[in-house]
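Visitor: I'll drop the sequence and a predicted model, then ask my questions.
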Amino acid sequence: MINLEDKIFLAGHNGMVGSSILRLLKMEGFQNVLTMSKQKLDLSERIQVESFLTSQSPRIVIIAAAKVGGINANNKFPAEFIHENLMIQNNIIHGAHLANVEKLIFLGSSCIYPKLSPQPMEEKSLLTGQLEPTNEPYAIAKIAGIKMCESYNRQYGCDFRSLMPTNLYGPNDNFDIENSHVIPSIIYKLHNAKQKNLEYVEIWGTGKPKREFLHVDDLASAVLFVMGLEKEFYQDNTEMMTSHVNIGSGQELMISELSELIAQIIGYEGSIKFNSEMPDGTPRKLLDTSLIESMGWRSSINLEKGLASTYDWFCKNIDSIRGSK
């Protein structure tokens, strides 16, 4: 049973995902949440991580720390994406084992699945085909994280759980139009176009790929939900203790439809042009969320309302958010 007094180490608390989880933990009354800035704890340094976890002895560890980015960033910095993510997750997972951490939550990504997976993508689709080339290094790092958790569970009897969320959006995202994900990139471009009264906005790709989106606060609620599940219940509801679990909204739309929806929310009345010379990425990504739903969790934030609240946050914080200058 999880108690409000339990010591929880949240790695990556300043990012979009980590900050959402931290807000929810505080809202729910958890009183002993450990967070560390990169200046005080470099997660890529094994000795630092192991020493910290051993000395602090948290009962629970949540890994929200990661190097993330959109298609352009993944294409430009593949070595950084695979190296940094492997270093961070390897150090924390192994360090958690050494520190006898009772429960660990590892957060991955839906890009772990093959490019041409049957839709919606089930957990069993992992490693059944070739990955999308534009984000393969990042995906391989996340797959390695799943397999590390599986291996430590099998060999040492750990309780390390892997959650694979779909495409995320929400407050505290990175709005850099060159390196961000699709939603913050489109929000920034259309907001800028409205402010400058531009006749059109160019969006990468054909606009035809279909994507599923999940508000980051929904993911935070899923993390706390899974964190609170008893070990026996979690084992009984997965094919084996080493299984990872999909986290998604179950709804999808084309990028062209997403762009029009964001334009309506922002109030941009110009035209949207798609540059088909730029990469589309995976043609379709929809997660099968029947496993997590069978356990009792379901997303609750409507996409239109979530986008509206995200744009409102963007406008209120435009002078300080990442990538806005």
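Guide: Sure, I can see it.

Visitor: I believe V61 is in a strand; please confirm or correct that.
Guide: Yes - V61: assigned to a strand according to DSSP: H, G, I helix; E, B strand; the rest coil.

Visitor: Can you give me the buried ones in the helix or strand of the chain with the lowest mean pLDDT?
Guide: Here the helix or strand of the chain ranked lowest by mean pLDDT, DSSP states H and E is helix 71-76, holding a mean of 78. Residues 71-74 are the ones in helix 71-76 that count as buried (16 or more other CB atoms under 10 Å). Where you see a C-beta, it was placed from the backbone N, CA and C, and this is true even at glycine.

Visitor: What ranges does the protein have for its helices?
Guide: 16-28, 46-56, 71-76, 78-98, 136-156, 182-196, 216-228, 231-236, 255-266, 290-295, 303-316 (DSSP state H).

Visitor: Among those, which comes closest to P165?
Guide: helix 216-228 (5.0 Å; CB to CB).

Visitor: which other residues reach that closest one?
Guide: With CB atoms under 8 Å, 6 or more residues apart in numbering as the test, helix 216-228 has contacts from 2, 16-17, 20-21, 23-25, 28, 60, 62, 103, 105, 107, 161, 163, 165, 168-173, 234, 245, 247, 249, 292, 295-297, 299-301.

Visitor: Just the buried residues from those, in PyMOL please.
Guide: Buried members of these, defined by 16+ other CB under 10 Å, are picked up in PyMOL with:
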select buried, resi 2+16+17+20+21+23+24+25+60+62+103+105+107+161+163+165+168+169+170+171+172+173+234+245+247+249+292+295+297+299+301
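
Visitor: Could you tell me the least trusted of the helices of the chain?
Guide: If those are sorted by mean pLDDT, helix 71-76 sits at the bottom with a mean of 78.

Visitor: Chain neighbours aside, what residue packs nearest to F160?
Guide: Once flanking residues are discounted, F160 sits nearest to C149: 3.9 Å by CB to CB, 6 or more residues apart in numbering.

Visitor: can you count the residues close to that neighbour?
Guide: 27 (other CB atoms under 10 Å).

Visitor: Now do the contacts for T166.
Guide: Here T166 is in contact with 110, 212-214, 246-249, 285-287 (criterion: CB under 8 Å, 6+ apart).

Visitor: what sits against the residue nearest to F160?
Guide: 93, 104, 106, 158, 160-162, 242, 244.

Visitor: Tell me the one of the residues you listed nearest I187?
Guide: Nearest member of the contacts of C149 to I187, counting by CB to CB, is F106, at 28.6 Å.

Visitor: got a pLDDT number for that closest one?
Guide: Reported pLDDT for F106: 98.

Visitor: which residues pair with it across the strands?
Guide: In this entry, F106 is beta-bridged to I63, S162, by DSSP bridges.

Visitor: quick one: it and R161 touch, right?
Guide: Yes - the pair F106 / R161 is scored as a contact, 7.0 Å apart, by CB atoms under 8 Å.

Visitor: follow-up on the earlier one: any chance of the helices of the chain in a markdown table, plus distance to D280?
Guide: A markdown table is the format used below for these (distance: least, CB to CB, whole Å):
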| stretch | distance to D280 |
| --- | --- |
| helix 16-28 | 24 |
| helix 46-56 | 37 |
| helix 71-76 | 9 |
| helix 78-98 | 18 |
| helix 136-156 | 15 |
| helix 182-196 | 11 |
| helix 216-228 | 24 |
| helix 231-236 | 36 |
| helix 255-266 | 8 |
| helix 290-295 | 27 |
| helix 303-316 | 20 |
